[in-house]
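Engineer: sequence first, predicted model second:
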Amino acid sequence: MGKLAVIAIGGNSLIKDKKHQTVDDQYLAVCETVKHIVDVIEEGYEVIVTHGNGPQVGFMLRRSEIAHEADDMHLVPLVNCDADTQGAIGYQIQQALQNEFNKRGIKKKATTVVSQVEVDKNDSAFSNPSKPIGSFYNDDDMDKIKKEHPDWIMINDSGRGYRRVVPSPMPIKIIEQDSIELLINKGITVIAVGGGGIPVIRDEEDNLNGINAVIDKDNASCLLASELNADLFIISTAVPNVCINFGKENQEKLHDISLDRIKELRDEGHFAPGSMLPKINACVNFLENGGTKAIITCPNELKEAVIGNKGTIICNR
Ligand SMILES: Nc1ncnc2c1ncn2[C@@H]1O[C@H](COP(=O)(O)OP(=O)(O)O)[C@@H](O)[C@H]1O
Ligand SMILES: NC(=O)OP(=O)(O)O
């Protein structure tokens, strides 16, 4: 097998803005992102694509709640919304990859693996929801939300608006890891641990059971990249570079940076919880687990970042 890259695509990066969040809009964004992923494959990497589902799983949950409120339809549990988004987004990425391979005359196949990820039922995240999902709300919306949904827990998501949060336990084990490895060793481009994976817990009889949560896809992708000893861990998001003083007048892009320096900047509080901080932590964990190179950038700079010219490149040195 050639070099292995795990590329994690952000759920928000598949949705350009509030006016472009239909399924068709998302497919166009997937097709655009996939072109850049295939560029990386053409650079000689076998690729596992992982993806987020933050916005999508929130939309799906809300649809189910609205149908329940309006027409007494049954509710869809959050864990099943995870599974639904994994299938729906995986389908789009798989189809777009296959079409792009065919267009470029690349004899490769793409396959999505429905992935369960084990978590600890005693994870403190279950009593401390922190994962933003669904739509962004502004100050005016918040008055209505407080009245109509007093049970929702809301946070300010990196100054982009308010979002509902749900528990996000740490991933412990990727249940389908062997199948993913088997496929990648056959040269198949795999889409896996979508939405961070479907969270499951293990009971005393060793049975797996779904649990309502949304695993952070950066953490699950890091676990997969570390377990498979990936040569490269890439997080593709909406910004070309990680910045210090993000959103301020003195904002500065980070290019090449060492593991030690990024940890210092993290500890100084430069990276917003719920958005950039989990990405930084995932890269740090990947490098501390033996990885050598992690990249954070946007889809259209993926190839240049892999070559070493763009993006934020964090190295273990
Ligand atoms: N220090 C930072 N540097 C760059 N972007 C940051 C920083 N802090 C927060 N952000 C925000 O984090 C976003 C990425 O997080 P998010 O949208 O949650 O990711 P995802 O693409 O995985 O859905 C960026 O688009 C940017 O708005
Ligand atoms: N599950 C998850 O981490 O999704 P996002 O990357 O879309 O937030």
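Structural biologist: Yep, it's here. Ligands and ions are numbered 1, 2, ... in the order given.

Engineer: what sits against the most centrally placed residue in the chain?
Structural biologist: By CA atoms, centre = their mean, the mean C-alpha position of the chain lies nearest to Gly52, the distance being 3.0 Å. For Gly52, the contacting residues are Ala8, Ile9, Gly10, Gly11, Asn12, Ser13, Leu14, Gly195, Gly196, Lys217, by CB atoms under 8 Å, 6 or more residues apart in numbering. Glycine gets a C-beta too; all of them are placed from N, C-alpha and C.

Engineer: helices - which of the residues you listed land there?
Structural biologist: Those of the contacts of Gly52 mapping onto helices are Lys217, per DSSP state H.

Engineer: give me the subset of the contacts of Gly52 that also touch ligand 2.
Structural biologist: Restricting the contacts of Gly52 to those within reach of ligand 2 (CB under 6 Å from any ligand atom) leaves Gly10, Gly11, Asn12, Gly195, Gly196, Lys217.

Engineer: ligand 1: which of those residues is nearest?
Structural biologist: Checking the ones next to ligand 2 among the contacts of Gly52 against ligand 1 with CB to the nearest ligand atom, the nearest one is Gly10 at 1.7 Å.

Engineer: the spatially closest residue to that closest one that is not a sequence neighbour: neighbour count?
Structural biologist: Using CB to CB, 6 or more residues apart in numbering and skipping the chain neighbours, the partner closest in space to Gly10 is Thr237 (4.2 Å). By the criterion of other CB atoms under 10 Å, Thr237 has 21 neighbours.

Engineer: swap in the one 5 residues further on?
Structural biologist: The number of residues packed near Val242 is 25, by other CB under 10 Å.

Engineer: kindly report the same for Ile155.
Structural biologist: Neighbour count for Ile155, taken as other CB under 10 Å: 15.

Engineer: can you tell me which residues in this protein are near ligand 2?
Structural biologist: By the rule CB under 6 Å from any ligand atom, the part of the chain lying against ligand 2 is Gly10, Gly11, Asn12, Gly52, Asn53, Gly54, Gly195, Gly196, Val214, Asp216, Lys217.

Engineer: if I look at the second one, how far off is Lys248?
Structural biologist: Right, Gly11. Per CB to CB, to the nearest Å, Gly11 is found 26 Å from Lys248.

Engineer: compare these two (neighbour count), which wins?
Structural biologist: Neighbours around Gly11 and Lys248, counted as other CB under 10 Å, are more numerous at Gly11. The numbers are 24 against 9.

Engineer: from Asp206, how far off is that one?
Structural biologist: Taking CB to CB as the measure, Gly11 falls 32 Å from Asp206.

Engineer: got it, and Ala305?
Structural biologist: Per CB to CB, Ala305 is found 42 Å from Asp206.

Engineer: between the two, which has more neighbouring residues?
Structural biologist: The neighbour count for Ala305 versus Asp206, taken as other CB under 10 Å, is higher for Ala305 (24 against 6).

Engineer: skip the chain neighbours and tell me the closest residue to the more buried one.
Structural biologist: Excluding the flanking residues, the one nearest Ala305 by CB to CB, 6+ apart is Gly311, at 3.1 Å.

Engineer: what's the spacing between the one you found and Ala5?
Structural biologist: Going from Gly311 to Ala5 by CB to CB gives 13 Å.
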